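K.L.:
this one's sequence-less:
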Ligand SMILES: O=C(O)[C@H](O)[C@@H](O)[C@H](O)[C@H](O)COP(=O)(O)O
């Protein structure tokens, strides 16, 4: 069982402020030893919280060394990078564009090869996954993997009961039948996530409460969020809203 801590707040702004402090602290620790800080981000509501935490918070934002960040996507939808469904586009609009407007040197961002997304045949999608895998840091060990959680317990594009959960021989895999649209995606595999140095989940809203209760109550639920929570030897933090953990057997920690 990993070392799991939960931080819970009534308001998104307070959650974001704490997430910002947590990310800044990790960045500083890593950059004392390494040239780059390797981070992966997911899609969904996480990105808006990152915008609040890292761009709009004046104290935190000036201390982020974006030029030393390498950013990957924990999962990505197989659409062009300017498509409304693209996780890159979301991250671009909320984080990269404001940085460029403020003339701040941005991070190095690793995207899918969008020239391959149009064919739609599985062999090409496999190639997209393989190419993305070839861009991963050599160590495969991310300093920080940021994850969201769906109300069904999915995280990245690891869906409950889906064959993607069983992938053992790939770091990045593709699917063409995602239960959450759009259907074609690539995702970090569980073996890749298990190499992370740190993992943080961000989950807000009462809609997440039943699944978070299940994840923390039943360590054999097999839900993707629970499988990540159970990875050994990784500090795992959950940044959640109070209503998202209602009824769950969780002891909330103070962020210090
Ligand atoms: O590309 C994706 O679909 C996301 O990476 C996905 O895994 C997301 O993080 C969760 O669905 C939670 O999304 P919300 O926070 O918007 O509920």
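P.N.:
Arrived safely. Predicted model, so just to flag it, every value in this text is computed and none were measured.
K.L.:
I'd guessed residue 240 sits against residue 15; true?
P.N.:
Yes. Using C-beta atoms under 8 Å, residue 240 makes contact with residue 15 at a distance of 7.4 Å. From N, CA and C alone the C-beta is placed, and that goes for glycine too.
K.L.:
flag every buried residue along stretch 193-201.
P.N.:
In terms of neighbour count (16 or more other C-beta atoms under 10 Å), stretch 193-201 has its buried residues at 193-201.
K.L.:
so for stretch 67-82, mean pLDDT?
P.N.:
What stretch 67-82 shows for mean pLDDT is 98.
K.L.:
returning to that earlier point: overlap in contacts, residue 240 and residue 15.
P.N.:
7, 9, 202, 204 (C-beta atoms under 8 Å, 6 or more residues apart in numbering).
K.L.:
quick one: contacts for the second one?
P.N.:
Each residue near residue 9 by C-beta under 8 Å, 6+ apart is listed here: 15, 18, 239-242.
K.L.:
can you pull out the helices in the stretch 151-256 of the chain?
P.N.:
Taking DSSP state H, counting those that start in this stretch as the test, the helices found in the stretch 151-256 of the chain are 190-193, 209-217, 224-229.
K.L.:
residues in contact with the residue in the stretch 101-250 of the chain that the ligand sits nearest to?
P.N.:
Here the residue of the stretch 101-250 of the chain nearest the ligand is residue 148; by C-beta to the nearest ligand atom that distance is 2.4 Å. Shown in contact with residue 148 (C-beta under 8 Å, 6+ apart): 42-46, 155, 201-203.
K.L.:
again with residue 82
P.N.:
Neighbours of residue 82 in contact, by C-beta under 8 Å, 6+ apart: residue 89.
K.L.:
what's the answer for residue 143, then?
P.N.:
Residues in contact with residue 143 (C-beta under 8 Å, 6+ apart) are 26, 30, 34, 37-39, 196-198.
K.L.:
again, 10 Å this time
P.N.:
Applying C-beta atoms under 10 Å, 6 or more residues apart in numbering to residue 143 gives the contacts 23, 26-27, 29-31, 34, 36-40, 69-70, 137, 196-198.
K.L.:
also residue 235?
P.N.:
By C-beta under 10 Å, 6+ apart, the neighbours of residue 235 are 2-5, 26, 196-200.
K.L.:
least confident of these?
P.N.:
When those are compared on pLDDT, residue 2 comes out lowest, with 71.
K.L.:
tell me, how many residues neighbour that one?
P.N.:
15 (other C-beta atoms under 10 Å).
K.L.:
separation between the residue nearest to residue 52 when sequence neighbours are not counted and the ligand?
P.N.:
Nearest residue to residue 52, sequence neighbours excluded (C-beta to C-beta, 6 or more residues apart in numbering): residue 16, at 3.7 Å. Relative to the ligand, residue 16 is positioned 13 Å away (C-beta to the nearest ligand atom, to the nearest Å).
K.L.:
residue 26 too?
P.N.:
On the measure of C-beta to the nearest ligand atom, residue 26 and the ligand end up 20 Å apart.
K.L.:
checking that residue next. Helix, strand or coil?
P.N.:
Under DSSP: H, G, I helix; E, B strand; the rest coil, residue 26 falls in the helix class.
K.L.:
who's in contact with it?
P.N.:
Residues near residue 26 by C-beta under 10 Å, 6+ apart: 37, 39, 143-144, 197-198, 200, 235, 237.
K.L.:
cool, residue 14 as well?
P.N.:
If you count contacts by C-beta under 10 Å, 6+ apart, residue 14 has them with 7-8, 239, 241.
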